[in-house]
Structures are given as C-alpha cells and as structure tokens.
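**Student:** My questions concern the predicted model and sequence given below.
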Amino acid sequence: MVELNPIEQTVLKAMQELGATKDTSIKTADDIMKKCNRPKGVVTNSLVSLLQKGVIKRVAREKAAGYYIIQK
C-alpha cells in the first residue's frame with residue numbers, strides 16, 4: 001500500500017463515498033472538494049499527488065477533468 005498523508009486519505013475517502021471507483025463513474029475536482037469540505041487548491045494538490053502515486057486516474061474531458069480510483 002502507498003503511504004498517504006491525512007489530506008490524501010480524506011480526498012480518497014470522499015472519492016469512495018462519491019462512488020468514483022471506475023472509469024464509468026468519474027468525479028470532478030469540484031465534486032470531490034464539496035464532499036470533503038476542503039479548499040479547491042488543497043484538493044487539487046492532493047489529486048496530483050495521488051495521480052503520481054498511481055492511486056487514481058485522471059480523464060481529460062471537454063469541460064472539467066474527471067478522476068476515479070484505480071487502486072484500493
């Protein structure tokens with residue numbers, strides 16, 4: 001298991017609660033931000049970190065990128 005800091009754990013938990021666990025149910029950074037009640041910058045930085053650690057995947061879309069969990 002990858003080492004996650006507390007905010008990364010919070011973001012990951014919010015993604016799980018939102019159901020962002022497969023590529024057909026992706027969530028935006030705004031969705032995740034509202035769920036975990038943290039500033040958008042903090043959530044965005046955590047998403048980037050989780051991407052680099054290989055825990056989540058980013059899907060580029062026309063309006064806003066979406067994210068989903070690829071590793072539990």
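**Tutor:** Structure received.

**Student:** For the rest of this, base every contact and every neighbour count on C-alpha atoms.
**Tutor:** OK.

**Student:** Buried residues of stretch 51-58, list them for me.
**Tutor:** Across stretch 51-58, burial judged by 16 or more other CA atoms under 10 Å covers 51, 55-58.

**Student:** So, low pLDDT: which residues of this structure?
**Tutor:** 1, 71-72 (pLDDT under 70).

**Student:** Could you pull up phi and psi at the residue sitting furthest away from the middle of the chain?
**Tutor:** What lies farthest from the middle of the chain is Glu62; by CA atoms, centre = their mean that is 18.2 Å. In terms of degrees, to the nearest 10, the main-chain angles of Glu62 are phi -60, psi -50.

**Student:** quick one: which two of the buried residues of stretch 51-58 are the most distant?
**Tutor:** Checked with CA to CA, these reach their widest spread between Val55 and Arg58, with 10.3 Å between them.

**Student:** Overlap in contacts, the two.
**Tutor:** Common neighbours of Val55 and Arg58, using CA atoms under 8 Å, 6 or more residues apart in numbering, do not exist here.

**Student:** about what we covered before: take the buried residues of stretch 51-58 and write them to CSV, including secondary structure and distance to Met33.
**Tutor:** As requested, the buried residues of stretch 51-58 are exported to CSV (DSSP: H, G, I helix; E, B strand; the rest coil; distance: CA to CA, whole Å):
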residue, secondary structure, distance to Met33
Leu51, helix, 16
Val55, coil, 18
Ile56, strand, 16
Lys57, strand, 17
Arg58, strand, 16
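
**Student:** what's the burial count for Thr10?
**Tutor:** 19 (other CA atoms under 10 Å).

**Student:** Now do the helix or strand containing it: which elements does it pack against?
**Tutor:** With secondary structure defined by DSSP states H and E, Thr10 is part of helix 6-18. Under the contact criterion of 3 or more CA pairs under 8 Å, 6 or more residues apart in numbering; DSSP states H and E, helix 6-18 touches helix 29-36, helix 40-52, strand 66-69.
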